[in-house]
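**Student:** I'll drop the sequence and a predicted model, then ask my questions.
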Amino acid sequence: MKNQTLFDVTGKTVFVTGASSGIGKAAATCLAECGAKVVAIARRENELKIWSNNTIGVTSFFSADISNSEKIKDIVSKITSKEGDPDILINAAGLNTREHADDVTLEGWNKTLDLNLSSPFFMAQAVVEKMKEKKWGRIINYASLASRRALPSSIAYGASKGGIEQLTRAMAEAWSQYGVNVNAIAPGFFPTELTVPVFNDKERSIRNAKQTCIGRNGNLEDLDGPLLFLCSNASDYVTGQLIFVDGGFTAK
């Protein structure tokens with residue numbers, strides 16, 4: 001029956017950036033456990049190896065620094081020569097230097113924009129032609145509450161994530177006519193390496209939880225359902241969209 005295969009990702013080849021920790025690792029784990037062939041991409045090889053060895057499903061990994069966009073085409077070529085071309089690309093790698101606007105450095109600004117905004121586009125550009133040939137593909141970017149809200153000491157991060165929202169729409173306009181749907185997930189407050197300062201501040205963490213409609217901060221598994229929706233045939237007519245998975249934080 002159609003309903004039994006609607007969210008199926010079995011056999012799909014998935015590239016996941018930022019897969020050594022946090023949201024990227026959670027996405028890679030979810031998709032592998034649901035039957036996809038997952039290639040985890042990140043800088044920290046040892047963490048990738050541990051993840052691969054301890055995850056149920058078909059997994060492999062590739063250690064690479066994708067923050068330099070000039071190297072992305074070569075990196076993707078090396079991965080595809082070994083793993084094949086992806087059906088799905090998950091752009092989850094990210095950085096937040098947490099510098100106040102008065103203290104932002106050019107180095108911190110460039111690092112943030114390079115990894116958070118430039119890399120997702122050039123990763124997508126490097127794989128999209130094969131998706132177009134197959135007339136099917138999924139590209140999922142990770143936006144943020146900061147795509148629309150001004151968060152403390154996150155001006156460069158917010159600029160990059162605001163850019164991700166528009167980038168997602170522009171990529172959808174360019175490629176969806178060829179069967180490649182492009183969407184973004186905007187998580188609320190989830191416990192990851194990037195949000196350690198937020199969760200270590202108990203008062204702020206409690207305040208953030210109270211700001212949601214549901215009354216709590218996120219657990220990483222809360223992202224699994226929206227991710228599977230966007231990766232599967234269930235989202236055939238959904239593209240160019242930003243989906244907030246924030247417990248209703250932005251609804252209040």
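**Tutor:** Nice, thanks for sending it over.
**Student:** C-alpha only now, for contacts and for neighbours.
**Tutor:** Fine.
**Student:** Below-threshold pLDDT in the stretch 1-150 of the chain: ranges please.
**Tutor:** Residues of the stretch 1-150 of the chain that meet the criterion pLDDT under 70 lie in 1-4.
**Student:** Tell me where it has helices.
**Tutor:** Along the stretch 1-150 of the chain, counting by DSSP state H, counting those that start in this stretch, helices occupy 2-5, 22-33, 45-53, 72-83, 106-113, 119-134.
**Student:** The nearest residue to residue 75 once chain neighbours are set aside: what's it in contact with?
**Tutor:** Closest residue to residue 75 apart from its sequence neighbours, by CA to CA, 6 or more residues apart in numbering: residue 64 at 7.2 Å. Residues in contact with residue 64, defined by CA atoms under 8 Å, 6 or more residues apart in numbering, are 41-43, 75.
**Student:** quick one, longest helix in this structure?
**Tutor:** Assignment by DSSP state H gives helix 155-175 as the longest helix of the chain.
**Student:** in the helix or strand just after that helix, what counts as buried?
**Tutor:** Under the assignment DSSP states H and E, the closest C-terminal helix or strand after helix 155-175 is strand 180-187. Neighbour counts over strand 180-187 (16 or more other CA atoms under 10 Å) mark 180-187 as buried.
**Student:** what's the burial count for the nearest residue to residue 68 once chain neighbours are set aside?
**Tutor:** Distances taken as CA to CA, 6+ apart place residue 114 nearest to residue 68, at 7.0 Å, with adjacent residues excluded. Residues near residue 114, counting by other CA atoms under 10 Å, number 19.
**Student:** Contacts only, for the residue nearest the centre of the chain.
**Tutor:** Nearest to the geometric centre of the chain sits residue 92, at 2.8 Å (CA atoms, centre = their mean). Contact partners of residue 92, counting by CA under 8 Å, 6+ apart, are 16-19, 23-24, 141-142.
**Student:** ok so, going back, would you mind telling me which of the helices of the stretch 1-150 of the chain is nearest residue 200?
**Tutor:** Across those, residue 200 has its closest neighbour in helix 22-33 (15.9 Å, CA to CA).
**Student:** outside of stretch 186-195, which residues touch it?
**Tutor:** Applying CA under 8 Å, 6+ apart, the set of residues contacting stretch 186-195 from outside is 21-23, 95-96, 142-145, 147, 199, 208, 217-220, 223, 242-247, 249.
**Student:** Repeat that for stretch 237-248.
**Tutor:** Outside stretch 237-248, the residues that reach it (CA under 8 Å, 6+ apart) are 143-145, 165, 168-173, 176, 181-189, 212-218, 222-223, 226, 230, 250.
**Student:** buried subset of the residues you listed?
**Tutor:** 143-145, 165, 168-169, 171-172, 176, 181-189, 212, 216-218, 223, 230.
**Student:** picking up where we left off before, highest neighbour count among the contacts of residue 64?
**Tutor:** Neighbour-wise, those (other CA under 10 Å) top out at residue 41, 28 neighbours.
**Student:** That one against residue 24, yeah?
**Tutor:** No. Using CA atoms under 8 Å, residue 41 is not in contact with residue 24; the gap is 9.1 Å.
**Student:** Nice, that's everything, thank you.
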